[in-house]
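Enquirer: I would like to see how this sequence folds:
(2 chains)
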2 protein chains.
Amino acid sequence: MEPSSQLTSIKRDDSARWYRVCTDNGFEGTYPYVWLRDNCRCSQCFNPSFNQRTLKIVDLDPDVIPSSETIVDDGQVLRVIWPDQHRSDFQAAWLSRRHFSDRPRDLVTDPELQSWGAELNGNIPTFDFQKLLEDDVELYNWLDVLNTKGLAFVKGAPTEKGAGGQIAERIAYLRRTLFGETFQVSTAINPSRPAHTLQAIGLHVDQPYLNYLPGIQMLHCIEKINVEGAENQFADGLRVAEQIREEYSEEYHLLTTREVDYETTGVQFGKSFHLKSRLPTIQLDMDGKFQCIRYADIWRATSMSKVPVGQVTKMYKALKLLNDVMYRPENLVRHQLAEGEIVTFSNHRVLHSRSAITITGEGSRHLEGSYIDWDEALSRMRVLHRKLFCSDARP
Amino acid sequence: MEPSSQLTSIKRDDSARWYRVCTDNGFEGTYPYVWLRDNCRCSQCFNPSFNQRTLKIVDLDPDVIPSSETIVDDGQVLRVIWPDQHRSDFQAAWLSRRHFSDRPRDLVTDPELQSWGAELNGNIPTFDFQKLLEDDVELYNWLDVLNTKGLAFVKGAPTEKGAGGQIAERIAYLRRTLFGETFQVSTAINPSRPAHTLQAIGLHVDQPYLNYLPGIQMLHCIEKINVEGAENQFADGLRVAEQIREEYSEEYHLLTTREVDYETTGVQFGKSFHLKSRLPTIQLDMDGKFQCIRYADIWRATSMSKVPVGQVTKMYKALKLLNDVMYRPENLVRHQLAEGEIVTFSNHRVLHSRSAITITGEGSRHLEGSYIDWDEALSRMRVLHRKLFCSDARP
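Expert: Just a heads-up that it's a prediction; the model follows:
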């Protein structure tokens, strides 16, 4: 139903308890009675300044059947009279965005996920730092790439701390963790975390020991002097999950249903911590679709508290298979981060790694890391989508 | 197996690929071969200063069968030699905490949930603000009550802003949301949110439109002058879910499997937002056990994007049933918050409400709200548990 279309007819179906509403361009939408009553927009049932329902569910009769219905205002309004004489007016344009039949896809909430592998080498979507800060289209496109592909680069950032925070300001705020609002990854003589050593770090997601995994990760290269190695690799958890589902159904079942424990202990800002999570390696949503991957060798706990002892060897085989599939050359994207570049990726989906580092002279390497969560990123996308692409400004 | 116990015998089972280990006090534990190999504590396989595995899963053979095993050090160490001559020594006490048979319950990760109802009236566990800040036992006990019951009061807080932040400092940090590090709930002439009006607010969880629901909520009463009403009610989502499961299996199935949309739009700190979530009302874990409740009439979206049109009326009936069960007098706990009191509760489990407010003179009411997340709260509990109750300081 187009916003300009007019309502032409209403058919009652009192046994199904819904209306079938037709428009002059051939559209037919279904609207359950109780849903209409619940979403009455009158000032008694709805507070437009808070955009919130004031009608209480206790006052709602799920079996309600309207007394009458008419199309008024030249087909622009559906008017329903309820048994208690309460009147509800529904704008045609408002109804058209909410019908239950042939529901239009919400591309922010349900993006068309694009899985990827080595073909992305040299083709990783790249955005401009300054444009991200100033241009809403650039910001929307960057978020859209993160939402659909999960991996993007940002170029042209200043070579000083705070670039991630500036991007976060455009969205909402940085997601803080026990390691601070931002975290510094620099080669160190007495490293307190593996990221600060010169060692290679295998493919992993960040902070898998949090039940609430950080959403989007930003790694900003501030300094890189006389450094060899330190190449980043990326693998798409969605692609990896798809391959395992197609090729190894038993292992896929284990990885999606059996929980694995992650754990970390230490001291940060003078305080001891002991974080633990326990979730499936590949998390699916209620429809069985990919939602999240959680994998990192180094933080896997010694205990496997939810794996029966008879399945422990099978679980190791499944985890090793996952690792093997991740490292298939067809799945790997490589990138050598330069000063002023920020790699940004969905930490719910993309695994990242770093090859070993060699300091070849008076050198050092310094990255600043930070996170933004998906709830706030998708909120910003929705606001931008309406502003940039919708003539109708109402939510 | 007690820490003081000694290993007395090892039985190999190469077909099951595990050891059965006996101790002098009659305990028998099962240890899969690959699990032992994965958790070798030698300096080559494990970094004790990071408390992290350095052995890579790619180097692990899930079908590995040890060459030999011996008990050494007067029964204090199990020594395993692997086919490549690698040697692993496992301390008896370390093994005893990690065996796969008759696993000891982790009371922090898997608390014994205690559901409650009206019998808690006048008996709500109460803690002292200053003791919480100074005494680790008070802090642990408060967290334990939140983890098992979900509801507690804190008395004796100063009547000025910042009390929640002081408590959070004892844990880790406040969870920020779009509404800030803390949020102010005060009666206002031009309210921007329903909490700021004088209206009653029905039972709900906070910010249900976030997929990542805030964990623990703290509402600190700073000022209450010439105020009548404003009584808080609380209902235990676990008890409500149990009652629905027992009495209404069809509705329980709908509430645990069909996702409901929540949504909010507005402007905060000069920025527009549009947050959306879509999850079942009662969320269960992989074992089908209660995990979280998500319900709030006012933020329920107009769209029900994952409910087939033929089930919309049934979903309304299930939601209305949930509401009815919540408000059963046997389920309600009431409390009149006084100045200097903080009500603290799990926002994953406890529904809260407020009755209407009457200002009877030159009066005002001011609460400060804030959140702490469960990942960090449970981390602090684990650290405190070890410090307070374990003679063995190793993780």
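Enquirer: Name the single longest strand found in chain A.
Expert: strand A:357-372 (DSSP state E).
Enquirer: In that strand, which residues are buried?
Expert: Residues of strand A:357-372 classed as buried by neighbour count (16 or more other Cβ atoms under 10 Å in any protein chain shown): A:Ile357, A:Ile359, A:Arg365, A:His366, A:Leu367, A:Glu368, A:Gly369, A:Ser370, A:Tyr371, A:Ile372. Backbone N, C-alpha and C define where each C-beta goes, glycine included.
Enquirer: and of these, the nearest to A:Ala157?
Expert: Relative to A:Ala157, the closest of those is A:Glu368; by Cβ to Cβ it sits at 9.8 Å.
Enquirer: How far does the longest strand of chain A sit from its chain's centre?
Expert: 28 Å (Cα atoms, centre = their mean, to the nearest Å).
Enquirer: Give me the helices and strands touching the helix or strand just after it, please.
Expert: The helix or strand immediately downstream of strand A:357-372 is helix A:374-389, counting by DSSP states H and E. Other helices and strands packing on helix A:374-389, by 3 or more Cβ pairs under 8 Å, 6 or more residues apart in numbering or on different chains; DSSP states H and E, are helix A:136-148, helix A:163-171, strand B:271-280.
Enquirer: could you give the mean pLDDT of helix A:374-389?
Expert: Averaged across helix A:374-389, the pLDDT comes to 96.
Enquirer: What are the buried residues along that helix?
Expert: Neighbour counts over helix A:374-389 (16+ other Cβ under 10 Å) mark A:374-386 as buried.
Enquirer: contacts for stretch A:9-23?
Expert: If you take Cβ atoms under 8 Å, 6 or more residues apart in numbering or on different chains as the criterion, stretch A:9-23 is touched by A:1, A:5-8, A:28-34, A:36, A:63, A:65-66, A:69, A:71, A:75, A:78, A:92, A:95-96, A:99, B:309-310, B:312-313.
Enquirer: Out of those residues, which end up buried?
Expert: Buried by 16+ other Cβ under 10 Å: A:1, A:5, A:7, A:29-34, A:36, A:66, A:69, A:71, A:78, A:92, A:95-96, A:99, B:309, B:312-313, out of the contacts of stretch A:9-23.
Enquirer: Tell me where the stretch 51-200 of chain A has strands.
Expert: With DSSP state E, counting those that start in this stretch as the criterion, the stretch 51-200 of chain A has strands at A:52-53, A:68-72, A:77-81, A:87-91, A:126-128, A:151-155, A:182-186.
Enquirer: Would you mark the buried spots in the fifth one?
Expert: Of the residues in strand A:126-128, those buried by neighbour count under the rule 16+ other Cβ under 10 Å are A:Phe127.
Enquirer: Against which helices or strands is that strand packed?
Expert: Under the contact criterion of 3+ Cβ pairs under 8 Å, 6+ apart, strand A:126-128 touches helix A:136-148, strand A:151-155.
Enquirer: right, and the ones you listed - which one's nearest chain B?
Expert: Chain B sits nearest to helix A:136-148 of all the helices and strands packed on strand A:126-128, at 11.5 Å, using Cβ to the nearest Cβ.
Enquirer: who's in contact with the closest one?
Expert: Helix A:136-148 is contacted from outside by A:108, A:111-114, A:125, A:127-128, A:131-132, A:151-152, A:154, A:170-171, A:216, A:344-346, A:377-378, A:380-381, A:384-385, A:387-388, using Cβ under 8 Å, 6+ apart.
Enquirer: Ok, stretch A:86-96 next?
Expert: A:1-3, A:5-7, A:21, A:23, A:27, A:29, A:31, A:36-37, A:40-42, A:44-45, A:72, A:75-82, A:392, A:394.
Enquirer: How about stretch A:331-339?
Expert: A:116-118, A:120-121, A:124, A:151, A:153, A:159, A:219, A:221-224, A:230-236, A:239-240, A:243, A:325, A:343, A:367.
Enquirer: Put the buried members of the residues you listed into a ChimeraX selection.
Expert: In ChimeraX, this line selects whichever of the contacts of stretch A:331-339 come out buried by 16+ other Cβ under 10 Å:
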select /A:116,117,120,124,151,153,219,221,222,224,230,232,233,234,235,236,239,240,243,325,343,367
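Enquirer: Out of the contacts of stretch A:331-339, which sit inside helices?
Expert: Counting by DSSP state H, these place A:Arg239, A:Val240, A:Gln243, A:Val325 in helices.
Enquirer: per-residue confidence at the residue in the stretch 51-200 of chain A positioned nearest to chain B?
Expert: Closest residue of the stretch 51-200 of chain A to chain B, Cβ to the nearest Cβ: A:Phe100 (3.8 Å). Looking at A:Phe100, its pLDDT stands at 77.
Enquirer: Spit out the contact partners of the closest residue in space to it that isn't next to it in sequence.
Expert: With Cβ to Cβ, 6 or more residues apart in numbering or on different chains as the criterion, A:Phe100 has its nearest non-adjacent residue at 3.8 Å, and that residue is B:Val309. By Cβ under 8 Å, 6+ apart, the contact list for B:Val309 reads A:Trp18, A:Thr30, A:Pro32, A:Phe100, A:Ser101.
Enquirer: which two from those residues end up farthest apart in space?
Expert: A:Pro32 and A:Ser101 (11.2 Å).
Enquirer: With just CA atoms, put stretch A:22-32 into CSV.
Expert: Output of stretch A:22-32 as CSV, limited to C-alpha atoms (Å, rounded to 0.1, in the frame of the first residue of the first chain):
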residue,chain,number,x,y,z
CYS,A,22,-8.5,-3.2,0.3
THR,A,23,-7.0,-0.1,-1.4
ASP,A,24,-7.5,1.4,-4.8
ASN,A,25,-4.1,0.0,-6.0
GLY,A,26,-5.1,-3.6,-5.4
PHE,A,27,-3.5,-4.1,-2.0
GLU,A,28,-5.2,-6.2,0.7
GLY,A,29,-4.1,-6.0,4.3
THR,A,30,-5.2,-8.0,7.4
TYR,A,31,-5.7,-6.3,10.8
PRO,A,32,-6.8,-8.3,13.8
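Enquirer: one step back: now, which of the contacts of B:Val309 sits nearest A:Gln268?
Expert: When those are compared against A:Gln268 (criterion: Cβ to Cβ), the nearest one is A:Phe100, at 49.3 Å.
Enquirer: Need the phi and psi values for the residue of the stretch 101-250 of chain A found nearest chain B.
Expert: Chain B sits closest to A:Leu210 of the stretch 101-250 of chain A, with a gap of 4.9 Å, by Cβ to the nearest Cβ. Note on A:Leu210: its backbone torsions stand at phi -90, psi 130 [degrees, to the nearest 10].
Enquirer: show me the contacts for the nearest residue to it once chain neighbours are set aside.
Expert: Nearest non-adjacent residue to A:Leu210, counting by Cβ to Cβ, 6+ apart: B:Asp375, 4.9 Å away. Contacts for B:Asp375 (Cβ under 8 Å, 6+ apart) come out as A:Leu210, A:Asn211, A:Tyr212, A:Leu275, A:Ser277, B:Gly215.
Enquirer: Adding distance to A:Ile201 and neighbour count as columns, could you present those in a markdown table?
Expert: A markdown table is the format used below for the contacts of B:Asp375 (distance: Cβ to Cβ, whole Å; neighbours: other Cβ atoms under 10 Å in any protein chain shown):
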| residue | distance to A:Ile201 | neighbour count |
| --- | --- | --- |
| A:Leu210 | 18 | 21 |
| A:Asn211 | 23 | 18 |
| A:Tyr212 | 22 | 19 |
| A:Leu275 | 19 | 23 |
| A:Ser277 | 19 | 23 |
| B:Gly215 | 30 | 21 |
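Enquirer: Any idea which of these the model trusts least?
Expert: Lowest-confidence member of the contacts of B:Asp375: A:Tyr212, scoring 93 (pLDDT).
Enquirer: Verify the stated contact: that one with B:Asp373.
Expert: Yes: A:Tyr212 is within contact range of B:Asp373, at 6.5 Å (criterion: Cβ atoms under 8 Å).
Enquirer: thinking again about what came up before, rebuild the helices and strands packed on strand A:126-128 as a markdown table, extending it with mean pLDDT and distance to B:Glu259.
Expert: Below are those laid out as a markdown table (pLDDT from 0 to 100; distance: least, Cβ to Cβ, whole Å):
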| stretch | mean pLDDT | distance to B:Glu259 |
| --- | --- | --- |
| helix A:136-148 | 98 | 19 |
| strand A:151-155 | 98 | 27 |
